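Trainee: I would like the atomic coordinates for the input below:
(chains A and B)
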Amino acid sequence: AQSVTQLDSQVPVFEEAPVELRCNYSSSVSVYLFWYVQYPNQGLQLLLKYLSGSTLVKGINGFEAEFNKSQTSFHLRKPSVHISDTAEYFCAVTRVHGSSNTGKLIFGQGTTLQVKP
Amino acid sequence: KAGVTQTPRYLIKTRGQQVTLSCSPISGHRSVSWYQQTPGQGLQFLFEYFSETQRNKGNFPGRFSGRQFSNSRSEMNVSTLELGDSALYLCASSSGLAGGTDTQYFGPGTRLTVL
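Mentor: Alright, predicted model coming up:
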């Protein structure tokens, strides 16, 4: 089975400061990794995903994440945040193998990013 | 392309009733997944349908069921509602063909309140 742990439930940060949202996963098999963002009263939007290849993945809105297999981590970073980045962020995994696991994302509990002026 | 749409956006029901939620995927997508989001349990996978067949199922009781139509639209049904079923129900669509690599696109959700 897979599990995802987001190490911080809330991260307050001032506008234009850098931020890191931490995500660790546990799995006995290879996984694909995702970061989603959820704005109030909206569904989830994909920020970025790691499938294979370069461990540094760039996404939308200036976000990037680094896959570290040895530490089973996939931390999300942004060098300078804006007020509009205030939202809830979810890390998720899905198994690599076969179509039987398509469509099933395992999510972490979420991290609320609060950007202050 | 139009995004994933879910109807209704809000629902209020009483315990013991049943409810049906609808999801229309992005045109061309054949996979629809359903998730339950609550403050306590977070986002939990309910089930996934692909070409009218349930391909994946989470750990929810049999009161939760779903189906998919030939046009890929999907419905989920919850029977004998309990207070704990109050949640945001999200559906997501994808091509369903890429073995987990394709992106799931989420709808805005249906907020179900059980009184």
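
Trainee: just the residues of chain B that are near chain A, which are they?
Mentor: Counting by Cβ under 8 Å from any Cβ of the partner chain, chain B comes close to chain A at B:4, B:31-33, B:35, B:42-45, B:48, B:50, B:55-56, B:58, B:90, B:92, B:94, B:96-109. Quick note: C-beta positions are derived from backbone N, CA and C, even for glycine.

Trainee: Out of the residues you listed, which sit inside strands?
Mentor: Among these, the ones falling in strands (DSSP state E) are B:31-33, B:35, B:42-45, B:48, B:50, B:55-56, B:90, B:92, B:94, B:105-106.

Trainee: In chain B, which residue is most central in space?
Mentor: B:W34 (3.0 Å; Cα atoms, centre = their mean).

Trainee: Isn't that residue up against B:L46?
Mentor: Yes: the pair B:W34 / B:L46 is scored as a contact, 4.1 Å apart, by Cβ atoms under 8 Å.

Trainee: Can you give me every residue that contacts residue 73?
Mentor: This is for chain A. By Cβ atoms under 8 Å, 6 or more residues apart in numbering or on different chains, the residues touching A:S73 are A:22-25, A:66-67.

Trainee: Chain B was what I was after
Mentor: B:22-25, B:32.

Trainee: quick one: which of these is nearest A:Y39?
Mentor: The shortest approach to A:Y39 among these belongs to B:C23, at 19.7 Å (Cβ to Cβ).

Trainee: so which strand or helix has that closest one?
Mentor: Secondary structure from DSSP states H and E places B:C23 in strand B:19-24.

Trainee: Show me what that strand is in contact with.
Mentor: Strand B:19-24 is contacted from outside by B:4-8, B:11, B:13, B:32, B:34, B:73-78, B:81, B:89, B:91, B:93, B:107, B:110, B:112, using Cβ under 8 Å, 6+ apart.

Trainee: make it 10 Å
Mentor: Contacts with strand B:19-24, where a contact means Cβ atoms under 10 Å, 6 or more residues apart in numbering or on different chains, come from B:2-8, B:11-13, B:32-34, B:49, B:65-69, B:71-79, B:81, B:85, B:89-93, B:107, B:109-110, B:112, B:114.

Trainee: Many thanks, have a good one.
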